[in-house]
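Peer 1: sharing a model that was predicted from the sequence below.
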Amino acid sequence: MSIFTSIIDKKSNFKKQFAVLVDPDKPNNKQLEAISLLSSEAGVDYFFVGGSLLSKNSLDNCIKILKSNSSIPVVIFPGNNLQISSLADAILFLSLISGRNPDLLIGNHVIAAPYIKESKLEVIPTAYMLIDSGKPTSALYMSNTMPIPADKSDIAACTAMAGEMLGLKLIYMDAGSGAKNPISADMIERVRANTSSPIICGGGINSPEKAIEDCKSGADIVVVGNGIEKSAQLIKEVAAAVKSFK
Ligand code: 1GP
């Protein structure tokens, strides 16, 4: 089954999903092994792998270690068009629709397309929206774009609607890694009320309570990265919370 089909399947069965985000430059091999084993035990649905700026050529090694210690699908969440690896299962083909940087709307896609085609990765077209989190994040700086203001839920809803109308299959609402303020319940609710595609939420989620709040507001997949780098135990706590959500 493709990863996109499994996301849709779980959504149709009212099952919320949890993705652990791994920045390949950060954990060492031992830590990666531990993340992989813990995630497997906890029943994590996906690994998202990528970063706004990678400088260690560590993507392949990271995917290899995650895959050799678990059977959790690995999805590339690329920070740029150098982050492609046929060792993964799928790639989020991100259009940064909250911004007006043509390279991140089509330019980089043209450059990456032949490499992605050759990699045989499952390609998941994704409406990527950066939301202001109260401080500049790496994603904002590197993308050279302005985020959607945190209190402008109507702009987020219209942006997500437009992404869906353009044929993008997933909506990724991201306050950015290490966000000071995660995305508000109101904004997620407004996007949910106006679209039917699976919604991914991430950025600054560092407790099972916030993960549950996002699920209640309409998120289908919750992503945690930074929090797990600080305490790997958070994997178990968030997984248990998301799995028990009714
Ligand atoms: C960032 O959505 C992800 O792109 C996750 O953010 O690292 O803050 O959990 P955190």
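Peer 2: Received it, and whenever you're ready, just let me know what you need.
Peer 1: which stretches of the protein form helices?
Peer 2: Applying DSSP state H to the chain gives helices spanning 3-12, 29-42, 59-68, 102, 108-119, 138-143, 153-165, 185-194, 208-217, 226-230, 234-244.
Peer 1: against which helices or strands is the first one packed?
Peer 2: Taking 3 or more C-beta pairs under 8 Å, 6 or more residues apart in numbering; DSSP states H and E as contact, the helices and strands that helix 3-12 lies on are strand 17-22, strand 122-130. In this view, the C-beta of every residue, glycine as well, is placed from N, C-alpha and C.
Peer 1: which of the ones you listed sits most buried?
Peer 2: Highest mean neighbour count of the helices and strands packed on helix 3-12: strand 17-22, a mean of 24 (counted as mean count of other C-beta atoms under 10 Å).
Peer 1: check whether that strand contacts the ligand.
Peer 2: Yes. Remark: strand 17-22 sits within contact range of the ligand at residue 21, by C-beta under 6 Å from any ligand atom.
Peer 1: over to stretch 188-202?
Peer 2: Yes. Stretch 188-202 is in contact with the ligand by C-beta under 6 Å from any ligand atom, via residue 202.
Peer 1: can I get the helices of the chain in a markdown table including mean neighbour count?
Peer 2: Supplementary listing: the helices of the chain in a markdown table, determined by neighbours: other C-beta atoms under 10 Å:
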| stretch | mean neighbour count |
| --- | --- |
| helix 3-12 | 15 |
| helix 29-42 | 17 |
| helix 59-68 | 19 |
| helix 102 | 9 |
| helix 108-119 | 14 |
| helix 138-143 | 18 |
| helix 153-165 | 18 |
| helix 185-194 | 19 |
| helix 208-217 | 20 |
| helix 226-230 | 18 |
| helix 234-244 | 19 |
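Peer 1: now this protein against the ligand: closest residue?
Peer 2: Checking the chain residue by residue against the ligand with C-beta to the nearest ligand atom singles out residue 202 as nearest, at 2.2 Å.
Peer 1: how far does the lowest-mean-pLDDT helix or strand in the chain sit from the chain's center?
Peer 2: Of the helices and strands making up the chain, the lowest-confidence element is helix 226-230, at a mean of 92, by mean pLDDT, DSSP states H and E. Averaging C-alpha positions (C-alpha atoms, centre = their mean, to the nearest Å) puts helix 226-230 15 Å from its chain's average.
Peer 1: many thanks, I have nothing further to ask.
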